[in-house]
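In: Here's a sequence, model it:
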Amino acid sequence: MRTFLALRRIGRVHTRSVSNITHRHLRAVNADDVQHFRSFLPPTNVLNADSGDDLSGFNVDWMGKYSGKATTVLKPRSTEDVSRIVQYCNQQRIGIVPQGGNTGLVGGSVPIGAPGQEIVLNLAAMKNVRSFDPNSGILVADAGCVLESLGQYLEPHGYIMPLDLGAKGSCHVGGNVSTNAGGLRLLRYGSLHGSVLGLEVVLPDGTVLDSLSTLRKDNTGYDLKQLFIGAEGTLGVITAVSIVTPQSSSSINNVLLALPKYDNVVPLFRLVRQRLGEVLSAFEFFDRTSYDLVQRHGQPAALPSEETEGAEAFVLLETSGGNAEHDQAKLEALLEELLSGEAGTGDLVTTGVMSTSRDQFNALWRLREGITEAIGREGKAYKYDISIPVPKFKEAVDLTRARLDKLGLLGPDAVKHVLGYGHVGDGNLHLNIVAANYSDDIANALEPFVFEMTQSWNGSVSAEHGIGSAKVDALRYSKNDVARLWMSRVKALFDPHGIMNPGKVVDWKPET
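Out: A predicted model of the protein is given here:
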C-alpha cells in the first residue's frame, strides 16, 4: 500500500601518517625563523613545538587519516601578515601549507614533508566581513570566515551563501574556494567558478594579487581568479573572496521518498525536474545501507519501517521559491502523481513524507547530512568522491562490493559496509567503504580499482573534494598527459621554488 505520511517531529580514530616525503628543495624551520615570525605576529599567533605548543590539531586531519610533522603554526591577522610570511618563506625555501577549517578529505591541508619542512599557515584569525551590498547581494569576506557564520550574517539581509556543506560549521570560505567545494546547493546555484567574482591572493613570492572585483561583468582579458579556484593553495594563498549570494527563498519545502528499486533514481529525477522546474533546489539520494546506518547512530526514522520494507534507495528533494502557494501546488501535484500511479509513475516510489514545519524540514535534512558522521562512528572509512553518469551509481557500488567479496574482505572484522550516496543533479557519487580498521589489503583492493572503474565511464576521480596528497597519483585517470603537463607548467610559473603546499595536486618539484 502506498501512503503519504505527515511527518512527526522526530572513538578514537586510526591515524595514518603520510609524512614520509623529504622535500629536497626545502629546509626545516629553525629558531631564527620562529624569532622572525614573532617579530611581527603576536606570541599567541606563533605556535611552535619546541616551545611546548600542542600542534596535533593542525597536523592531523579531522578524520584522523592523515598526519604531518610541522613544528610551526602561524596565524596571520591580515593580508599584510600573509604577504610577509610568504615572502620570507620563499626566500628561505620553507614550505607553506595553507589551512582553513581542516575539514578536507584528501589530506590537502596537512603537511607531508619531513619534520619542520613546512609551516602550517592557518587563516582562522582572518574572519572579517569586508563589505556587503544588499542591492546586488555581493559579499566580500576574509578567507578565514566560517561558512555557517557567513550564512548567519546574510540571513537578516535576506540572502544565503550559494553553497551548503555538512562541514559548514567548521570550514572556511577560503578553503571552500581553494578546493572548489560543491555541496548540496550546486544543482540550483552552480559551482564556485560561477559565483566567485573576485579573489585577493598572496602569490608565492609574497606579491599581493588584488583581483577582488565586485563586478558581475568584466571581460578584460585573462580571468586569473579561475586558476586559484580548486588549486588547493598550490599557486598562492587566498586571503579574501568576493562572491555573489542569492536571495533567500520565502518558501522552502522538502520531501523524503522511498524507492523500491535503486534503478528508479534516474527516472524519478527526470520526472521531478520536469514537474518542479525552477523551484527544485536539491535532489539527494542515499542507498538503503546509508539510511539504516544513519538511524543506527542517532537519527530518528522519518518513515515507519513497515512502509520502507524492501526499499533499496531514498531520495531527499528540496524546493525553494518566492511564492509559497505556487510552490506548494507544484509539489503537491507531483506527489499526487507519484503516489496515485498517474502516467505510469506508480512504481517509482513506495511511500514518502513531507515536512510541515522548520523543525521537520531540518530533521529530514539531518538524515542526509548525518551520513558522514554515522560512517565515522561505524568504523574506518575509505571515501571516494567521484563524478560518473548517474545511471552508473548503483553499478559502482555493486562492483566495488563484489570485488571486496571476491577477495574475502567482507565481514565484521574487515569491510563492514559498502554504500553510496550523493548529488544526483551533478552526477556526484560518494562511494564509501566502511571497515573495522584501515589495512593495506583493503587499500590495495580499492586502488586503483575504483579509479580505473571511474575512468572507464569517462568520470572524474574527484568531483568536489579535490586532489590533495591522496590522489596525486590518481590524477592521470582523469587528466591526460597534455593536461597534466600544462598543470605542472602553471605550477612552475607561479611557484618556481615549490614552497606552496608541496606534494599536493601535481607531481612537480623544482630541480635541485
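
In: In this structure Y438 contacts G379, no?
Out: No. At 9.5 Å, Y438 and G379 do not qualify as touching, with contact defined as C-beta atoms under 8 Å. To be clear about C-beta, it is placed using only N, CA and C from the backbone, and glycine gets the same treatment.

In: Now stretch 306-313 - C-alpha only, CSV.
Out: Below are the C-alpha coordinates for stretch 306-313, written out as CSV (Å, rounded to 0.1, in the frame of the first residue of the first chain):
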residue,chain,number,x,y,z
GLU,A,306,6.7,-1.3,7.5
GLU,A,307,6.4,1.4,4.9
THR,A,308,10.1,1.1,3.8
GLU,A,309,10.5,-2.6,3.9
GLY,A,310,12.3,-3.7,0.8
ALA,A,311,13.1,-0.1,-0.3
GLU,A,312,16.6,0.0,-2.0
ALA,A,313,17.1,3.7,-2.1
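
In: now it, how far from the chain's geometric center?
Out: 29 Å (C-alpha atoms, centre = their mean, to the nearest Å).

In: Neighbour count for Y438 and G379, which is higher?
Out: G379 (20 against 17; other C-beta atoms under 10 Å).

In: For the residue nearest to the more buried one when sequence neighbours are not counted, list each beta-bridge partner.
Out: Nearest non-adjacent residue to G379, counting by C-beta to C-beta, 6 or more residues apart in numbering: V434, 4.6 Å away. Counting by DSSP bridges, V434 forms beta bridges with A381, H417.

In: V434 against E378, yeah?
Out: Yes. Counting by C-beta under 8 Å, a contact exists between V434 and E378, whose distance comes to 5.2 Å.

In: Mind listing the shared neighbours of the two?
Out: Residues within reach of V434 and of E378 at once, by C-beta atoms under 8 Å, 6 or more residues apart in numbering, are L293, K416, H417.

In: Do you have the strands of the stretch 201-350 of the chain handy? List them.
Out: Counting by DSSP state E, counting those that start in this stretch, the stretch 201-350 of the chain has these strands, from start to end: 208-211, 237-244, 251-259, 280-287, 313-321.

In: Determine the angle, from 0 to 180 degrees, between the last one and strand 251-259.
Out: Here strand 313-321 runs at 160 degrees with respect to strand 251-259, directions being taken by axes from the mean of the first three to the mean of the last three C-alpha atoms, to 10 degrees.

In: partners of strand 313-321 in the sheet?
Out: Using DSSP bridges, the strands paired with strand 313-321 in its sheet are strand 251-259 (antiparallel), strand 280-287 (antiparallel).

In: Identify whichever of those lies nearest to L139.
Out: strand 280-287 (19.6 Å; C-beta to C-beta).

In: Now for W508, how many residues are close by?
Out: Here the count is done by other C-beta under 10 Å, and W508 has 19 residues near it.

In: Make sure it is actually in contact with A492.
Out: Yes. Counting by C-beta under 8 Å, A492 is a contact partner of W508 at 6.4 Å.

In: For D33, find the nearest of the strands paired with strand 313-321.
Out: Judged by C-beta to C-beta, the one of the strands paired with strand 313-321 that comes nearest to D33 is strand 280-287, at 46.8 Å.

In: can you tell me which residues contact the residue nearest to Q299 when sequence neighbours are not counted?
Out: Beyond its immediate neighbours in the sequence, the residue positioned closest to Q299 (C-beta to C-beta, 6+ apart) is G370, lying 4.9 Å away. When the contact criterion is C-beta under 8 Å, 6+ apart, the partners of G370 are V294, H297, G298, Q299.

In: Please report phi then psi for G370.
Out: Torsion angles at G370 (phi, psi; degrees, to the nearest 10) stand at phi -80, psi 0.

In: list the buried ones in the one helix or strand F58 maps to?
Out: Element membership for F58, per DSSP states H and E: helix 56-59. In terms of neighbour count (16 or more other C-beta atoms under 10 Å), helix 56-59 has its buried residues at F58, N59.

In: And that helix, how far out from the chain middle?
Out: Relative to its chain's centre, helix 56-59 lies at 20 Å (C-alpha atoms, centre = their mean).

In: What is that helix packed up against?
Out: Judged by 3 or more C-beta pairs under 8 Å, 6 or more residues apart in numbering; DSSP states H and E, the packing partners of helix 56-59 are strand 118-122.

In: So in that sheet, which strands flank the helix or strand just after the strand it packs on, and in what orientation?
Out: Using DSSP H and E, the helix or strand that follows strand 118-122 towards the C-terminus is strand 129-133. Listed by DSSP bridges, the sheet partners of strand 129-133 and their directions read strand 138-142 (antiparallel).

In: Tell me which helix or strand the residue nearest to S195 when sequence neighbours are not counted sits in.
Out: If the residues on either side of it in the chain are set aside, S195 comes closest to P162, at 4.5 Å by C-beta to C-beta, 6+ apart. In this structure, P162 is located outside every helix and strand according to DSSP H and E.

In: Could you pull up the contacting residues of P162?
Out: R185, Y189, G190, L192, S195, I243, V244, T245, P246.

In: So which of these is surrounded by the most neighbours?
Out: Most crowded among these, counting by other C-beta under 10 Å, is L192 at 25 neighbours.

In: going on from the helix or strand harbouring S149, what's the next piece of helix or strand?
Out: Using DSSP H and E, S149 maps to helix 147-154. The first helix or strand that comes after helix 147-154 along the chain, using DSSP H and E, is helix 173-178.

In: Count the neighbours of I21 for me.
Out: Neighbour tally, I21, other C-beta under 10 Å: 15.

In: Redo the strands of the stretch 201-350 of the chain as JSON lines? Include distance to T179 and mean pLDDT.
Out: What follows is the strands of the stretch 201-350 of the chain, written out as JSON lines (distance: least, C-beta to C-beta, whole Å; pLDDT from 0 to 100):
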{"stretch": "strand 208-211", "distance to T179": "19", "mean pLDDT": "96"}
{"stretch": "strand 237-244", "distance to T179": "11", "mean pLDDT": "98"}
{"stretch": "strand 251-259", "distance to T179": "27", "mean pLDDT": "93"}
{"stretch": "strand 280-287", "distance to T179": "20", "mean pLDDT": "93"}
{"stretch": "strand 313-321", "distance to T179": "24", "mean pLDDT": "93"}
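
In: of those strands, which approaches Q99 most closely?
Out: When the strands of the stretch 201-350 of the chain are ranked by distance to Q99, counting by C-beta to C-beta, first place goes to strand 237-244 at 10.1 Å.

In: Not counting that closest one itself, show me its contacts.
Out: When contacts are taken as C-beta under 8 Å, 6+ apart, the neighbours of strand 237-244 outside the stretch itself are 79, 82, 86, 96, 98, 121, 123, 126, 130, 136-143, 161-162, 173-174, 177-178, 192, 195-202, 208, 212-214, 216, 228, 500.

In: Sort out which of the residues you listed are buried, if you could.
Out: Among the contacts of strand 237-244, those buried by neighbour count (16+ other C-beta under 10 Å) are 79, 82, 86, 96, 98, 121, 123, 126, 137-143, 161-162, 173-174, 177-178, 192, 195-202, 208, 212-214, 228, 500.

In: what's the helix or strand hosting A402 packed up against?
Out: Element membership of A402 [criterion: DSSP H and E] is helix 393-406. Applying 3+ C-beta pairs under 8 Å, 6+ apart, one finds that helix 393-406 makes contact with strand 280-287, strand 415-423, strand 428-435, helix 440-446, helix 449-456.

In: after the lowest-mean-pLDDT helix or strand in the chain, next one along is what?
Out: For the chain, counting by mean pLDDT, DSSP states H and E, strand 4-6 ranks last in confidence among helices and strands (a mean of 39). Sequence-wise, the next helix or strand downstream of strand 4-6 (DSSP H and E) is helix 31-38.

In: Could you list the alpha-carbon positions for that next one in PDB?
Out: Output for helix 31-38, consisting of C-alpha atoms alone and laid out as PDB, is shown next (Å, rounded to 0.1, in the frame of the first residue of the first chain):
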ATOM      1  CA  ALA A  31      64.800  29.000  16.000                       C
ATOM      2  CA  ASP A  32      65.900  32.100  13.900                       C
ATOM      3  CA  ASP A  33      62.900  31.600  11.700                       C
ATOM      4  CA  VAL A  34      60.500  31.400  14.600                       C
ATOM      5  CA  GLN A  35      62.000  34.500  16.100                       C
ATOM      6  CA  HIS A  36      61.500  36.400  12.800                       C
ATOM      7  CA  PHE A  37      57.800  35.500  12.800                       C
ATOM      8  CA  ARG A  38      57.400  36.600  16.400                       C
END
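
In: Done for today, thanks.
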